[in-house]
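> Pasted the sequence and its predicted model underneath.
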Amino acid sequence: MGDDLGDEWWKHDDGSEGEKKTVQEEHSTGETKRTKPAKRKRVAEKTVKAKKKTDSQQNCIISQQTKDQESEKPKKKRNKKKKTITDVLATSAPKPGCPSDLQDLVAQYFSDKRSVIERDELQLQNSCFLSSNDLTHSLSSYLKQVCPKWAKIQKQHTDKSSVVVLIVCSSAVRTIELIKLLTAFKGKAKVVKLFAKHIKIEEQVKLLQKGVTHIGVGTPGRIGALIDREGLTLQALRYVILDWNWRDRKLRRMIDISEVKGDLMKLLDSGILTTCKEDKVKIGLF
């Protein structure tokens, strides 16, 4: 009976076990194959994260180095302030004015305002000028030098609304100073102040019409306005003295102040330059 059960029955059992092992191996191999891509994906993600972290660290290091380099760079020097007239004049030695200085100023001021022919008409001969102050004179001593016959001239002057001597300066304060400096020269002559501060132009017109005035001291703006209104005439005028060399607190001369310079040029052009060319008026630079 045992023989009828089949020959070599144990071999069949071995074969089934082999098949089972083969199936299990294939199953395990399949699982291995299926798990490998997942592992690769995780490795790739870790690599990307590590790379990003490294890049960010490098960027931080680079930015810090850049800041350090910028901080180490020497700071740019601030632009120096432009020199003012005061700065320039403070370092320059005082120089007395001369007729050519006034001639150059007139030519420069009217260069873009007049034609060539008209500018030529503004030019004055040297005979139109008095000797200039060499910075050694007071106002009285200078006037005594350029006007030695003053006593006789003041007696002969009888015209109203006109003066014999016209002294032109930059401000009302300077006008008062110059009037005080005239004491040793004026004698019995009457002096009038001609500036705009606290004085109405109508009052000055009435004052000039009321009596004889010998010397007028004031600013070019107000003097020019009086001439325009015919409150002041050039009929008796013989001397125009420009306060050329004096400097204010900022070391500016009368011609260094643009507004005053403009008024002075208009004043000279209002008829004074014409009377100079006719040899009726002389100009002095004090």
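Okay, I see it.
> which one is residue 220 nearest to, not counting chain neighbours?
Nearest non-adjacent residue to residue 220, counting by CB to CB, 6 or more residues apart in numbering: residue 263, 3.9 Å away. Bear in mind the C-beta positions are built from the backbone N, C-alpha and C, glycine included.
> From residue 196, how far out is the one you found?
According to CB to CB, to the nearest Å, residue 263 stands 11 Å off from residue 196.
> Give me the common contacts of these two.
Common neighbours of residue 263 and residue 196, using CB atoms under 8 Å, 6 or more residues apart in numbering, are 219, 221.
> So between those two, which is more surrounded?
Shown here are residue 263 and residue 196; by other CB atoms under 10 Å, residue 263 has more neighbours (21 against 14).
> my read is the more buried one is in a helix, agree?
Yes. According to DSSP: H, G, I helix; E, B strand; the rest coil, residue 263 belongs to a helix.
> shouldn't it be in contact with residue 224?
Yes. Using CB atoms under 8 Å, residue 263 is in contact with residue 224, at 6.1 Å.
> what's the pLDDT at residue 43?
Listed pLDDT for residue 43 reads 55.
> Please disregard the earlier target; I meant residue 121.
pLDDT, read off for residue 121, is 86.
> what about it, neighbour count?
By other CB under 10 Å, 11 other residues sit near residue 121.
> And the contacts of whichever helix or strand it is part of?
Assigned by DSSP states H and E, residue 121 falls within helix 116-122. The list of residues contacting helix 116-122 from outside it, by CB under 8 Å, 6+ apart, reads 106-107, 110-111, 114, 269, 273.
> Turn those into CSV, including secondary structure.
Converted to CSV, the contacts of helix 116-122 look like this (three-state DSSP):
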residue, secondary structure
106, helix
107, helix
110, coil
111, coil
114, coil
269, helix
273, helix
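> Quick one: which of those residues has the lowest pLDDT value?
residue 114 (88).
> And the closest residue to that residue other than its chain neighbours, how far from residue 286?
Excluding its sequence neighbours, the residue lying closest to residue 114 (CB to CB, 6+ apart) is residue 122, at 7.3 Å. The span separating residue 122 from residue 286 equals 22 Å under the rule CB to CB.
> can you check residue 146 too?
Distance from residue 146 to residue 286, by CB to CB: 9 Å.
> more crowded one of the two?
residue 286 (24 against 19).
> thought that one was touching residue 131?
No. Counting by CB under 8 Å, residue 286 does not reach residue 131; the two are 10.6 Å apart.
> Make sure I have this right: residue 284 is in a strand.
Yes. Counting by three-state DSSP, one finds residue 284 located in a strand.
> where do the helices sit along the stretch 101-250 of the chain?
With DSSP state H, counting those that start in this stretch as the criterion, the stretch 101-250 of the chain has helices at 116-122, 139-146, 150-156, 172-181, 183-186, 201-210, 220-228.
> now, of the ones you listed, which is deepest in the fold?
helix 220-228 (a mean of 20; mean count of other CB atoms under 10 Å).
> counting contacts, what elements does that helix pack onto?
If you count contacts as 3 or more CB pairs under 8 Å, 6 or more residues apart in numbering; DSSP states H and E, helix 220-228 packs onto strand 165-168, strand 191-194, helix 201-210, helix 258-267.
> again, only this time at 10 Å
strand 165-168, strand 191-194, helix 201-210, strand 215-218, helix 258-267 (3 or more CB pairs under 10 Å, 6 or more residues apart in numbering; DSSP states H and E).
> now the angle from it to helix 201-210?
Helix 220-228 runs at 60 degrees relative to helix 201-210, counting by axes from the mean of the first three to the mean of the last three CA atoms, to 10 degrees.
> Can you report the mean pLDDT over the residues of helix 220-228?
Here the average pLDDT along helix 220-228 is 96.
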